[in-house]
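>>> with the sequence up front, the predicted model follows.
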Amino acid sequence: MAYEVEAPKYVRLAQTIQRRIEDGTYAPGTRVPSENQLVQSFGMSRPTVVRALELLKRDGWLESRQGYGTIVRGRPEVVEQKDRRGRDALERDESQAPGRLVEVGHVSVPARIASALGLPKRTKVLVRRFLVEEDGEAVELVSSYFPAGMADGTELDSSETLSGSVRQHLEARKKVRFDHVTERVSARLPEADEAELLGLPDGVPVLSVLVVVCDASGQALQVADVLLPADRQELEDTYRLN
């Protein structure tokens, strides 16, 4: 039995407002609907609406002007520049990317992947593992996990590299739509096979970016575990202060 994993309501509302900004419904320089109007339009509570608006202000999509209300700034430059490991993994063309496919097969789902996919422990899933290399050096290991039903009718279980990205392949074959991604960054020691593939000495940790890909309903379609040698990484973020 699969369990649906939904993004929080305020995140989904923020994403809806964001899409309306991008398609011109809420044009830059105009006021967004009032909190009361948003509550009535979307059927959500005031705290949910307030939290969504605060999230968009924090990320630079909106700003408050005294005596005028909340106005649209448009797509912020920092969003365009921000490094998105999950998006890169989803949109990488295996046939053109520097690197190689190192594993394709069905495995018992690891515990934290099971949680993200909403699957019981020991469920069999398809894993597709790609090692990214630059100048002959391994720089990133991407392990993508798919529920069995998601892989049916696709070429994801082929040991040949895909022509195009995983996202393009799934959206074309399964008629699903990737809507949003949640990334969770943590540090851990790699498993023996992971350390060997990445060429890491004993005791060198990795940064794990767990990428949970969902459709508009919040159903998890794919989970990718992106591993980066921690001694070669530096994380930087830029954001506006209100």
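Perfect, thanks for sending it.
>>> stretch 17-30: end-to-end distance?
Length of stretch 17-30, first residue to last, C-alpha to C-alpha, to the nearest Å: 13 Å.
>>> so what pLDDT did Asp93 get?
The confidence metric pLDDT takes the value 90 at Asp93.
>>> and it, what does it touch?
Residues near Asp93 by C-beta atoms under 8 Å, 6 or more residues apart in numbering: Leu162, Ser163, Gly164, Ser165. (Glycine included, C-beta is placed from N, CA and C.)
>>> mind doing that once more with 6 Å?
By C-beta atoms under 6 Å, 6 or more residues apart in numbering, the contact set of Asp93 is Gly164, Ser165.
>>> from Gly136, how far off is it?
Look at Asp93 and Gly136: by C-beta to C-beta, to the nearest Å, they are 20 Å apart.
>>> one more: Ala192?
Taking C-beta to C-beta, one finds Ala192 at 22 Å from Gly136.
>>> more neighbours: which of these two?
Ala192 (9 against 6; other C-beta atoms under 10 Å).
>>> gap between that one and Leu200?
Counting by C-beta to C-beta - Ala192 and Leu200 are separated by 10 Å.
>>> what do you get for Gln222?
Distance of Gln222 to Leu200, computed by C-beta to C-beta: 26 Å.
>>> which one of these two has more residues nearby?
A count of neighbours by other C-beta under 10 Å puts Gln222 above the other of Gln222 and Leu200, at 28 against 20.
>>> for the residue lying closest to Ala216 once chain neighbours are set aside, give me phi and psi.
Using C-beta to C-beta, 6 or more residues apart in numbering and skipping the chain neighbours, the partner closest in space to Ala216 is Asp179 (4.2 Å). Dihedral angles of Asp179 (phi, psi; degrees, to the nearest 10) stand at phi -110, psi -50.
>>> same check on Asp59?
Torsion angles at Asp59 (phi, psi; degrees, to the nearest 10) stand at phi -90, psi 0.
>>> what about the spatially most central residue of the chain, which SS state?
By C-alpha atoms, centre = their mean, the chain has its centre lying nearest to Val181, at 2.7 Å. Secondary structure, DSSP: H, G, I helix; E, B strand; the rest coil: Val181 is strand.
>>> kindly provide the distance from it to Leu221.
On the measure of C-beta to C-beta, Val181 and Leu221 end up 10 Å apart.
>>> so what sits against both of the two?
Common neighbours of Val181 and Leu221 (C-beta under 6 Å, 6+ apart) are Val213.
>>> and the strands in this protein, which stretches?
62-65, 69-72, 99-108, 124-134, 137-147, 180-188, 206-214, 220-229 (DSSP state E).
>>> in TSV, list the ones you listed along with mean pLDDT and distance to Ala52.
Converted to TSV, those look like this (pLDDT from 0 to 100; distance: least, C-beta to C-beta, whole Å):
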stretch	mean pLDDT	distance to Ala52
strand 62-65	86	10
strand 69-72	88	11
strand 99-108	94	38
strand 124-134	93	33
strand 137-147	93	30
strand 180-188	87	14
strand 206-214	91	17
strand 220-229	92	22
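>>> what about dumping the CA coordinates of stretch 199-212 to PDB?
This file holds the C-alpha atoms of stretch 199-212, laid out as PDB (Å, rounded to 0.1, in the frame of the first residue of the first chain):
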ATOM      1  CA  GLY A 199      37.200   7.200  -5.300                       C
ATOM      2  CA  LEU A 200      37.100   8.300  -1.700                       C
ATOM      3  CA  PRO A 201      39.600   7.300   1.000                       C
ATOM      4  CA  ASP A 202      38.300   5.700   4.300                       C
ATOM      5  CA  GLY A 203      36.600   8.200   6.600                       C
ATOM      6  CA  VAL A 204      35.800  10.900   4.000                       C
ATOM      7  CA  PRO A 205      32.100  11.800   4.300                       C
ATOM      8  CA  VAL A 206      29.700  12.700   1.500                       C
ATOM      9  CA  LEU A 207      26.900  15.300   1.200                       C
ATOM     10  CA  SER A 208      23.700  13.500   0.400                       C
ATOM     11  CA  VAL A 209      21.000  15.600  -1.500                       C
ATOM     12  CA  LEU A 210      17.800  13.600  -1.300                       C
ATOM     13  CA  VAL A 211      15.600  14.800  -4.100                       C
ATOM     14  CA  VAL A 212      11.900  13.900  -3.800                       C
END
